[in-house]
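Asker: Return atomic coordinates for the entry below.
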Amino acid sequence: MGSLGTFLKSRRDRVTPEVIGLRTYGTGRRVPGLRREELAQLAGVSAGYYTRLEQGQAETASEQVLDALARALLLDSTETAHLHNLARHSATPRLAEPPAEEPHERVLALLESLGEATPAIVLGRRGDVLAWNRSGHALLAEHIAFEAPDESERRPSMPRMFFLDPVMRDRYGNWHTLARAHVAYLRLTAGRYPTDARLAGLIGELTMRSDDFSALWADRDVADCTTGTMHIQHTTVGGLSVDYQVWLQPDSPDHRLEVYTPNDSGSADALRILSQQCHRGADSLRDD
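Answerer: Model prediction:
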């Protein structure tokens, strides 16, 4: 799913000498970013050692060396954490089938406390929907059965729907921005859990079936994606703009409670209508 060497090279290609104030002589550069020798000098390691590191021939890299490379490559805190994650694991880890994910009771209690006025969903480490309230379901995936997250084998996968479901693609006015965020977070997760066979299978499936995913995955971008904006064209309430923000639970740090709030009065009205419809739908089910 990714190795230390390939990530280092992708970030080295991204940094030009001009950005870091490195003087160069002549114009015959054959690499898009820094040369290995230049990066090694900036990080205070030998060129030979850095070359072995990038080629996967060095057995270990100390935290000090990794931090020095991160500074030289202008990595942010998330990219630096990803760099350390990659250094801790083999380039070819042995995959294992992970246990089914179950949302923590406190996460579910917090979701229930939101009611239907605030759309929200609970996502697992691979982007599977572990739970959602009715307004979160109606906002994001009303064409999927509400009960789908109840069974681990039927759970909707937000990354899979995002790249392979044409209904989802047509829903977002800023699809490309959100797609990049999905891929960047999946790469961060892959660095944290390199032995997760289901995660590897998801990434392999999306790479094979979606040219958009494959192109974005090749960029090797990494991000935590805890906040952002969605421009949605909803089939029931029309166009609206919402912010998403992620709440993490210490007891289950892999699980993300994602909450959606309106950006303007028109979007607030649209969410209010959606919430009222969800209330009526829930009431009718109870009456039955």
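
Asker: what ranges do the strands span in this structure?
Answerer: 120-123, 129-132, 227-234, 238-249, 252-262 (DSSP state E).

Asker: could you say what helices and strands the third one packs with?
Answerer: Judged by 3 or more Cβ pairs under 8 Å, 6 or more residues apart in numbering; DSSP states H and E, strand 227-234 is in contact with helix 166-171, helix 175-192, strand 238-249. The way it works is simple: take the backbone N, C-alpha and C, and place the C-beta from them, glycine included.

Asker: which non-adjacent residue is nearest the spatially most central residue of the chain?
Answerer: Central residue of the chain (Cα atoms, centre = their mean): Tyr185, 1.8 Å from the mean position. Excluding the flanking residues, the one nearest Tyr185 by Cβ to Cβ, 6 or more residues apart in numbering is Cys225, at 4.5 Å.

Asker: OK, contacts around that neighbour?
Answerer: Ala181, His182, Ala184, Tyr185, Val246 (Cβ atoms under 8 Å, 6 or more residues apart in numbering).

Asker: rewinding a little: including mean neighbour count, could the strands of the chain go into a markdown table?
Answerer: Below are the strands of the chain laid out as a markdown table (neighbours: other Cβ atoms under 10 Å):
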| stretch | mean neighbour count |
| --- | --- |
| strand 120-123 | 25 |
| strand 129-132 | 23 |
| strand 227-234 | 15 |
| strand 238-249 | 16 |
| strand 252-262 | 19 |
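
Asker: Turn these into CSV, including distance to Ala87.
Answerer: Listed next are those as CSV, based on distance: least, Cβ to Cβ, whole Å:
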stretch, distance to Ala87
strand 120-123, 27
strand 129-132, 30
strand 227-234, 28
strand 238-249, 24
strand 252-262, 21
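
Asker: Columns mean pLDDT and distance to Pro166 on top of these, output as CSV?
Answerer: What follows is the strands of the chain, written out as CSV (pLDDT from 0 to 100; distance: least, Cβ to Cβ, whole Å):
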stretch, mean pLDDT, distance to Pro166
strand 120-123, 96, 21
strand 129-132, 96, 19
strand 227-234, 96, 13
strand 238-249, 93, 19
strand 252-262, 92, 22
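
Asker: Run through who's touching stretch 40-54.
Answerer: Here stretch 40-54 makes contact (Cβ under 8 Å, 6+ apart) with 4-5, 8-9, 12, 20, 22, 34, 36-37, 39, 58, 61, 65, 68-69, 71-72.

Asker: again, only using 7 Å
Answerer: Gly5, Leu8, Lys9, Arg36, Glu37, Leu39, Ala58, Ala61, Val65, Ala68, Leu69, Ala72 (Cβ atoms under 7 Å, 6 or more residues apart in numbering).

Asker: Tell me the buried residues in that stretch?
Answerer: Ala40, Gln41, Leu42, Ala43, Val45, Tyr50, Leu53, Glu54 (16 or more other Cβ atoms under 10 Å).

Asker: circling back to that earlier point, relative to Thr80, which of the helices and strands packed on strand 227-234 is closest?
Answerer: helix 175-192 (11.2 Å; Cβ to Cβ).

Asker: Could you tell me the angle between that closest one and strand 252-262?
Answerer: 170 degrees (axes from the mean of the first three to the mean of the last three Cα atoms, to 10 degrees).

Asker: Distance from the chain centre to helix 175-192, please.
Answerer: Computed by Cα atoms, centre = their mean, to the nearest Å, the chain-centroid distance of helix 175-192 equals 3 Å.

Asker: buried ones in that helix?
Answerer: Going by neighbour count (16+ other Cβ under 10 Å), the buried part of helix 175-192 is 175, 178-192.

Asker: now stretch 145-165
Answerer: Quick answer for stretch 145-165 (16+ other Cβ under 10 Å): Phe146, Pro149, Arg155, Pro156, Ser157, Met158, Pro159, Arg160, Met161, Phe162, Phe163, Asp165.

Asker: quick one: which of the residues you listed is nearest His104?
Answerer: Distance to His104, by Cβ to Cβ, is smallest for Pro149 among the buried residues of stretch 145-165, at 14.5 Å.

Asker: ok, the closest one - contacts?
Answerer: Val129, Leu130, Ala131, Trp132, Arg155, Pro156.
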